[in-house]
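**Student:** Generate a structure from the sequence data that follows.
(2 chains)
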Amino acid sequence: MNEPRTETLDEPTRGEGEHRESFSDRVDDRAEELASAAAAGDIEQAGLWRDAWRQLRRNPFFIVGAVLFLVFAVMAVAPQVFTSVDPRDCSLARSGDGPQPGAPFGYDIQGCDYYANVVHGARISLAIGFLAVLGTLVIGVVVGALAGYYGGWIDSLLARVTDIFYGLPLILGAIILLSVLPERGVLEVSLALIAFGWMTAMRLVRSNVIGVKQADYVQAARALGARTGRIITKHILPNAMAPVLVYSTIAVGTIIASEATLTFLGVGLQLPEISWGLQINAAQNRLRDAPHLILFPSFFLSLTVLAFILMGDALRDALDPKLRR
Amino acid sequence: MGRYVLRRLLLTVPVLLGASLLIFAMVYALPGDPIRALGGDRPLSEAVQAQLRAEYNLDDPLLIQYLKYLAGLVQGDFGTDFSGRPVLDTILDRLPVTVRLALVAVGFEILIGILAGVLAGLRRGSFFDNLVLVSTTVVVSIPVFVLGFLAQYVFGVRLGWFPIAGITQGWYSYVLPGLVLAALSLAYVARLTRTSLAENLQSDYVRTARAKGLSETTVVGKHALRNSLIPVVTFIGADLGALLGGAIVTESVFNIPGLGRAVYDAVLRQEGAVVVGIVTLFVFFYIFFNLVVDVLYAALDPRIRYE
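**Tutor:** Below you'll find the predicted structure:
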């Protein structure tokens, strides 16, 4: 069970209206804290997010993750920064040639420059990663907030539906759904991953909403006559989002890995799309004579996933008050 | 306890029904004509197609098809695939392979995962601890199929220690795929053991045990470790349920004729009966092992009681 996080999410010193309700309760604690902070020469007291940011900046794992992410983000938006070679300029004469001057990753089976192809593969991976996670968040937050806030039979019903989807492994469900579609692009693959990947976000939001819905400031808002919709969106959700943010960061990585897996299995993206999954798929029978064709896209793919996992792990440590030093 | 188990068992029924209906709907209601595809380049005559459709109830509305399927299932009839082979035969044929693979994987989780976790948890902040933290993060970041190719390349092609495909060499051929299948959970087990042990080493009862003058071996082995392993044991139990149903990628990369491979092939051929039968079995495994784990939790940890 997640503990209510009101304590650290309040930002009374900055006077944010949403959280002022609990101000009077904690003013004493706060004064004491401020006094000790002032004594320590560190007056800059801040809320959860500012504290988290301060801690993140000092975490080497986060720095590595963020740098990797920035590199791949630039690669996705403007691949020309990394290569000026056209990935579709191919010549069968050099099919499967290894790394050599002018072609650091060698050539693929079609004789295309492999470095240019691998660099151009970043775009579609990141696009699907963000699109699918955004989708799972929308479903997860809506369903989770409804189940958590209303409880009772609505909760039971939504929990059973979630159980049904939970029993189906993500990859398997997506395979079944995608296998019957003749055309599979970014949208189709993202939708399949959303359809079988929203449950964790739902459970997270649900348990956090249950955790904060009895908090003083929610009671106060209700007493002041705020409508249910306003209470959920303005008071409960913002205070239940920290773990969801951690989860989503890591989820971008796992979704990217899942997309590559589906594409590798032959039910994901299709040629002439340029993607790491397709590259590994095309190279899988050349493991003995041209291993570089598998290793390079695999390396880029794994580094991308690693970037999000590093950032997510660091974010979790930074946002968990229990781990504060 | 008995009532709790009974209630949980009853709750699995709607979940199983819902899951099978969901799969059924996806396989049958989405576009694509498996009977037409069956003929390939030489189209079957209309009469044959009609007869096959009738035989597999493909002309009925979705819900009727599903109910007919359920009626058969209750009598132990899983249906047949398009070549007339009973789905149950396929399942019984492939299940031992998948079970063997899952057992090898769980073996690696216990052996390597717990060992690494214990060593890291005992010396927090040490070089080995950091090594475990970094290597688990890296392993988690590598997609399973990439890990499979890496293992094939390093241990199969370069070193030549293990066969890279098939199951012709008995248990020995399961080592590499088992390790790859286990990798993700193995990393998780190591981290879980580490955190859990490190937390328990800080607890009052360990301090008491030390204050009594017990030897470090007894303190760690008999007091801290036994408590620390409760969440680990339950995770591994639940993971067994997931591994039994989640080996599609590993079985594809290593060309292992298990249930995952069977369901993948069936999906591509749109053999609805095979897909629904096997996937429902997967869902059952998943739910069943989760139930076992919850019961196990109460048995291992006396503080937990189900009313």
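**Student:** shaky segments in the chain?
**Tutor:** No chain specified, so I'll use chain A. The model of chain A has pLDDT under 70 over residues A:1-48, A:93, A:96, A:102, A:321-325.
**Student:** That was the other one, I meant chain B.
**Tutor:** Under the criterion pLDDT under 70, the flagged ranges of chain B are B:1, B:29-44, B:52-60, B:246, B:305-307.
**Student:** Now do the residue nearest the centre of it against chain A, distance only.
**Tutor:** Geometric centre of chain B, nearest residue: B:Leu243, 1.6 Å, by CA atoms, centre = their mean. Using CB to the nearest CB, to the nearest Å, we find B:Leu243 at a distance of 10 Å from chain A. All C-beta atoms are positioned from the backbone trio N, CA, C, and that covers glycine.
**Student:** All the strands of the stretch 1-150 of chain A, in order from the start?
**Tutor:** In the stretch 1-150 of chain A, no strands are found when defined by DSSP state E, counting those that start in this stretch.
**Student:** Check it for the residue nearest chain B and tell me.
**Tutor:** A:Phe61 (7.8 Å; CB to the nearest CB).
**Student:** give the contact list for that residue.
**Tutor:** A:310, A:313-314, B:137 (CB atoms under 8 Å, 6 or more residues apart in numbering or on different chains).
**Student:** Quick check: residues of the stretch 101-250 of chain A near chain B?
**Tutor:** Proximity of the stretch 101-250 of chain A to chain B is confined to A:160-161, A:163-169, A:171-172, A:175-177, A:179-182 under the rule CB under 8 Å from any CB of the partner chain.
**Student:** cutoff 10 Å now
**Tutor:** A:156, A:159-173, A:175-182, A:195-196, A:250 (CB under 10 Å from any CB of the partner chain).
**Student:** Are any of those residues buried, and if so which?
**Tutor:** Applying 16 or more other CB atoms under 10 Å in any protein chain shown to those, the neighbour count classes A:159, A:161-173, A:175-181, A:195-196, A:250 as buried.
**Student:** Measure how buried A:Ala257 is and give me the count.
**Tutor:** 27 (other CB atoms under 10 Å in any protein chain shown).
**Student:** Pretty sure it sits against B:Ile142.
**Tutor:** Yes: using CB atoms under 10 Å, A:Ala257 is in contact with B:Ile142, at 8.2 Å.
**Student:** what sits in contact with each of the two?
**Tutor:** A:301-302, A:305 (CB atoms under 10 Å, 6 or more residues apart in numbering or on different chains).
**Student:** re earlier: the contacts of A:Phe61: which two are farthest apart?
**Tutor:** A:Ala314 and B:Thr137 (10.6 Å; CB to CB).
**Student:** Report the secondary structure state of B:Val292.
**Tutor:** Assigned state for B:Val292: helix (three-state reduction, DSSP: H, G, I helix; E, B strand; the rest coil).
**Student:** burial of it, as a residue count?
**Tutor:** Counted by other CB under 10 Å, the residues lying close to B:Val292 total 16.
**Student:** Quick check: which element contains the residue lying closest to it once chain neighbours are set aside?
**Tutor:** Excluding the flanking residues, the one nearest B:Val292 by CB to CB, 6 or more residues apart in numbering or on different chains is B:Gly237, at 6.0 Å. B:Gly237 is part of helix B:225-245, with elements assigned from DSSP states H and E.
**Student:** From the chain's centroid, how far away is that helix?
**Tutor:** 12 Å (CA atoms, centre = their mean, to the nearest Å).
**Student:** So which elements touch that helix?
**Tutor:** The contact analysis (3 or more CB pairs under 10 Å, 6 or more residues apart in numbering or on different chains; DSSP states H and E) places helix B:225-245 against helix A:152-167, helix B:87-108, helix B:115-122, helix B:175-201, helix B:259-268, helix B:272-300.
**Student:** of those, which approaches A:Phe296 most closely?
**Tutor:** Per CB to CB, nearest to A:Phe296 of the helices and strands packed on helix B:225-245: helix B:175-201, 20.1 Å.
**Student:** what angle separates the closest one from helix B:115-122?
**Tutor:** On the basis of axes from the mean of the first three to the mean of the last three CA atoms, to 10 degrees, helix B:175-201 is oriented at 20 degrees to helix B:115-122.
**Student:** Now helix B:175-201: buried residues?
**Tutor:** B:175-198, B:200-201.
**Student:** I figured A:Phe72 hits A:Ser302, correct?
**Tutor:** No: using CB under 10 Å, A:Phe72 is not in contact with A:Ser302; the gap is 11.6 Å.
**Student:** Tell me the residues that contact both of these two, please.
**Tutor:** Common neighbours of A:Phe72 and A:Ser302 (CB under 10 Å, 6+ apart) are A:Ile256.
**Student:** burial count for residue 66?
**Tutor:** All of this is about chain A. 17.
**Student:** could you do chain B instead?
**Tutor:** For B:Tyr66, using other CB under 10 Å, the count is 19.
**Student:** For the helix or strand hosting it, which helices and strands make contact with it?
**Tutor:** If you go by DSSP H and E, B:Tyr66 is part of helix B:62-74. Contact here means 3+ CB pairs under 10 Å, 6+ apart; on that basis helix B:62-74 packs against helix B:2-29, helix B:272-300.
**Student:** taking those together, which one is wrapped up most tightly?
**Tutor:** Ranked by mean neighbour count, the helices and strands packed on helix B:62-74 are led by helix B:272-300 with a mean of 21 (mean count of other CB atoms under 10 Å in any protein chain shown).
**Student:** Show me how far that one is from its chain's centre.
**Tutor:** Chain-centre distance of helix B:272-300: 9 Å, with CA atoms, centre = their mean.
**Student:** With stretch A:142-162 instead?
**Tutor:** Worked out by CA atoms, centre = their mean, stretch A:142-162 lies 23 Å from the chain centre.
**Student:** May I have it as CSV, with CA atoms only?
**Tutor:** C-alpha atoms of stretch A:142-162 as CSV (Å, rounded to 0.1, in the frame of the first residue of the first chain):
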residue,chain,number,x,y,z
VAL,A,142,-9.1,7.6,-16.2
VAL,A,143,-9.9,4.0,-15.2
GLY,A,144,-7.7,4.0,-12.2
ALA,A,145,-9.1,7.3,-10.9
LEU,A,146,-12.7,6.1,-11.4
ALA,A,147,-12.0,2.8,-9.6
GLY,A,148,-10.0,4.4,-6.8
TYR,A,149,-12.3,7.3,-6.2
TYR,A,150,-15.7,5.6,-6.3
GLY,A,151,-14.7,2.2,-4.9
GLY,A,152,-17.6,-0.3,-4.4
TRP,A,153,-19.0,-2.2,-7.3
ILE,A,154,-17.4,0.1,-9.9
ASP,A,155,-14.0,-0.7,-8.4
SER,A,156,-14.7,-4.5,-8.3
LEU,A,157,-15.9,-4.5,-11.9
LEU,A,158,-12.9,-2.5,-13.2
ALA,A,159,-10.5,-4.6,-11.1
ARG,A,160,-11.9,-7.8,-12.8
VAL,A,161,-11.5,-6.3,-16.2
THR,A,162,-7.9,-5.3,-15.3
